[in-house]
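Student: here is a sequence together with a model predicted from it:
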Amino acid sequence: MSASRKVLVIDDSRTIRNMVKGMLPAANFEVLEAADGVAGLSAVEREKPWLIMLDFILPKMSGYEVYENIRKNRELYRIPLVLMSGKKEEVTSKISEPLESHYLVFIEKPFDKDKLAAAIKRAYDLANQIPNDYLPAEPVAVAAGNGAAPTLDPALLSRIEELEIKLHQTEDLEKRLKALEQQTAIQAKQIQQLVAFIKQKLGG
């Protein structure tokens with residue numbers, strides 16, 4: 001291993017961060033630190049570390065939320081991930097067992113150097129097993145390539161609004177014509193009845 005292999009430890013406990021740093025030889029690893037979920041996710045996106053050690057209970061953003069953001073990101077989801085917690089139940093309440101089916105490793109705090117080494121090796125192996133179709137296909141290209149939803153030209157929107165207004169006007173006109181036809185039919189019938197009545201009187 002080379003010193004370029006960055007390990008990001010996201011934990012609000014300075015003791016845990018220092019413990020991990022002390023267990024990993026500086027000749028092989030560069031240990032980065034973050035004390036809360038927001039700073040941790042920012043560091044993941046910025047540094048793209050070789051491995052992430054993530055505490056599940058964190059301030060500002062929970063470890064579970066950090067985990068979800070990592071797994072949904074095409075540039076990050078293959079990074080080996082070790083979840084840390086004082087109680088496994090805190091993790092399994094959010095992520096179903098077996099945890100390895102989610103391509104991650106759990107290590108219970110506190111842990112020793114041997115358990116840490118085994119967890120890191122297993123997390124690396126699992127990350128290499130993540131299938132290529134783990135994430136859905138890329139969405140259709142969007143406007144400006146910045147992830148924003150495509151927008152319609154203002155002139156086109158104005159034209160659509162005009163057409164909608166004309167459509168409503170046409171519908172109203174059709175209703176009026178139908179009503180007028182009904183009234184005309186009624187009046188024609190009344191005239192026929194009146195003509196028949198007059199003829200009857202004149203014939204009498």
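Tutor: It's in.
Student: could you use CA atoms for every contact and neighbour count after this?
Tutor: OK.
Student: now do the phi/psi pair for the residue nearest in space to the middle of the chain.
Tutor: Most central in the chain under Cα atoms, centre = their mean is K72, positioned 7.6 Å from the mean C-alpha point. Taking degrees, to the nearest 10, you get phi -90, psi -10 for the backbone angles of K72.
Student: wait, it sits on L135?
Tutor: Yes. Using Cα atoms under 8 Å, K72 is in contact with L135, at 7.2 Å.
Student: count the neighbours of D11 for me.
Tutor: D11 has 25 neighbours, counted by other Cα atoms under 10 Å.
Student: for it, give its distance to N18.
Tutor: According to Cα to Cα, to the nearest Å, D11 stands 10 Å off from N18.
Student: what does K88 give?
Tutor: 22 Å.
Student: and for L54?
Tutor: Taking Cα to Cα, one finds L54 at 14 Å from N18.
Student: those two - which one has more neighbours?
Tutor: A direct count of neighbours by other Cα under 10 Å for L54 and N18 places L54 higher, at 27 against 13.
Student: the more buried one belongs to a strand?
Tutor: Yes. The assignment for L54 by DSSP: H, G, I helix; E, B strand; the rest coil puts it in a strand.
Student: show me the contacts for it.
Tutor: V9, I10, D11, G63, L81, V82, L83, M84 (Cα atoms under 8 Å, 6 or more residues apart in numbering).
Student: so of those, which two are at opposite extremes in space?
Tutor: The distance between the two most remote of the contacts of L54 (Cα to Cα) is 13.6 Å, for D11 and L81.
Student: domain ranges for this structure?
Tutor: For the chain, automatic domain parsing gives the domain ranges 5-138, 152-204.
Student: okay, these in JSON lines with mean pLDDT next?
Tutor: Formatted as JSON lines, the domains of the chain follow (pLDDT from 0 to 100):
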{"stretch": "domain 5-138", "mean pLDDT": "88"}
{"stretch": "domain 152-204", "mean pLDDT": "78"}
